[in-house]
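Chemist: next one to model:
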Amino acid sequence: MKISDIFNKDRTVFSFEVFPPKRTSPIESVYGKLEEICALKPDFISVTYGAGGSGEKNRTCEIASKIKNDLGVEAVAHLTCVNSTREDIDRNLEQFKDSNINNILALRGDIVEGVEPKKDFVYASDLCAYIKGKGDFDIAGACYPEVHGEAENEVEDVLNLRKKIEAGAEHLISQLFFDNSAFYRFVERTKIAGINVPIEAGIMPVTNKKQIERMVSMCGASLPAKFAKIMQKYDTKPEALRDAGIAYAVEQIVDLIANGVDGIHLYTMNNPYVARKITEAISNLL
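Modeler: Just a heads-up that it's a prediction; the model follows:
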């Protein structure tokens, strides 16, 4: 099934994100968690990018195949291009085809300090256009409610986003955010720019302080005063912080659904407990 077809239904799409284990760990180490997460029956699960060695199937493909072909949930494979040649991308696309994976989240990927980017693909829009000509793939793109860190301003950011749509992205998944008003302002900017594809809101439940500090430093999400107070109050109480983080995420999701969001994309961090608690809390709203 193509993910873009799911959005044609008159309801809020609800999906998850998971990630492959580190290459030093056997891939089977995440299978138990995947089974629990898939049992919650989201609309789809996206799998972050994890490259394989020379000649190996990449771990994203292996996990996505497990999710779709063994556990019965539609999968979306992340694919980055900043450190990939056309040959690398071709190899990944063939692996996806062979594994019955036809949904791809096309990303530039992070520029790593000290690593010279490849020249074949400069932007995610370049990758979208290339994939579009390589088979019957459904392509998703990423978006940034609080503006991509490398964009000069909101206008440049939304114009770059429109290039992804013109290149073939049929729906969008947002970076995490903790202030719903920032997401609503972003959606308004996209409408003004003529972007009319479905946009899923990326929600990350906070389970520990270090996790959120790391993610905020990477993506630049702002922390509302209400959220900062929760982190401060329960900083030394891990279980309390976890449950408060879940409650905050649920509150965000309820508000988003009430305001007609196209979908919710839950960053599960491979945590079945968190995924289950949130799914149970909002199941009657979807």
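
Chemist: pLDDT of the one helix or strand residue 280 maps to, averaged?
Modeler: Residue 280 belongs to helix 272-282 when assigned by DSSP states H and E. Taken as a whole, helix 272-282 has a mean pLDDT of 98.

Chemist: how about stretch 211-227?
Modeler: On average, stretch 211-227 scores 80.

Chemist: contacts for that stretch, please.
Modeler: Residues from elsewhere that reach stretch 211-227 (Cβ atoms under 8 Å, 6 or more residues apart in numbering): 110, 144, 146-147, 149, 175-179, 182, 204, 206, 231, 248, 269. The C-beta positions use only the backbone N, C-alpha and C, and glycine is treated the same way.

Chemist: shouldn't residue 249 be in contact with residue 205?
Modeler: Yes. Taking contacts as Cβ atoms under 8 Å, residue 249 lies within contact range of residue 205: 4.0 Å.

Chemist: which one's more surrounded, those two?
Modeler: Neighbours were counted for residue 249 and for residue 205 using other Cβ atoms under 10 Å; residue 205 has more, 27 against 24.

Chemist: if I look at that one, how far off is residue 94?
Modeler: 36 Å (Cβ to Cβ, to the nearest Å).

Chemist: for residue 7, see how far away residue 112 is.
Modeler: Counting by Cβ to Cβ, the gap from residue 112 to residue 7 is 33 Å.

Chemist: quick one, helices of this protein?
Modeler: Applying DSSP state H to the chain gives helices spanning 3-6, 31-38, 59-65, 86-98, 124-132, 154-167, 180-192, 209-219, 225-233, 238-258, 272-282.

Chemist: out of those, which is closest to residue 106?
Modeler: Evaluated over the helices of the chain, closeness to residue 106 peaks at helix 124-132, with 4.5 Å, by Cβ to Cβ.

Chemist: and that closest one, what does it pack onto?
Modeler: Applying 3 or more Cβ pairs under 8 Å, 6 or more residues apart in numbering; DSSP states H and E, we find helix 124-132 packed against helix 86-98, strand 103-107, strand 138-143, helix 154-167.

Chemist: next, format these as TSV and append mean neighbour count, distance to residue 278 and mean pLDDT.
Modeler: Converted to TSV, the helices and strands packed on helix 124-132 look like this (neighbours: other Cβ atoms under 10 Å; distance: least, Cβ to Cβ, whole Å; pLDDT from 0 to 100):
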stretch	mean neighbour count	distance to residue 278	mean pLDDT
helix 86-98	17	29	96
strand 103-107	25	21	98
strand 138-143	24	21	98
helix 154-167	18	27	95
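
Chemist: hang on, the earlier thing: overlap of the contact sets of residue 249 and residue 205?
Modeler: Residues touching both residue 249 and residue 205 by Cβ under 8 Å, 6+ apart: 266, 278.

Chemist: starting at the chain centroid, how far to the worst-scoring helix or strand of the chain on mean pLDDT?
Modeler: Taking mean pLDDT, DSSP states H and E as the measure, the chain has helix 209-219 as its least confident helix or strand, at a mean of 76. Here helix 209-219 is found 16 Å from its chain centre; the criterion is Cα atoms, centre = their mean, to the nearest Å.

Chemist: give me the buried positions along that helix.
Modeler: The neighbour-count check on helix 209-219 (16 or more other Cβ atoms under 10 Å) flags 209, 212, 215, 219 as buried.

Chemist: and which of the residues you listed is nearest to residue 59?
Modeler: Closest to residue 59, out of all of the buried residues of helix 209-219 and judged by Cβ to Cβ, is residue 215, at 20.9 Å.

Chemist: related to what we said a few turns ago, of residue 112 and residue 7, which one has the most company?
Modeler: Set side by side, residue 112 and residue 7 show more neighbours around residue 7, with 19 against 10, by other Cβ under 10 Å.

Chemist: report pLDDT for that one.
Modeler: 94.

Chemist: list the contacts of it.
Modeler: 13, 171, 198, 262, 263.

Chemist: and those residues as CSV, adding pLDDT, neighbour count and distance to residue 224?
Modeler: Converted to CSV, these look like this (pLDDT from 0 to 100; neighbours: other Cβ atoms under 10 Å; distance: Cβ to Cβ, whole Å):
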residue, pLDDT, neighbour count, distance to residue 224
13, 98, 20, 25
171, 98, 24, 27
198, 98, 18, 26
262, 98, 17, 23
263, 98, 26, 22
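
Chemist: residue 27 against residue 64, yeah?
Modeler: No. Using Cβ under 8 Å, residue 27 is not in contact with residue 64; the gap is 11.8 Å.
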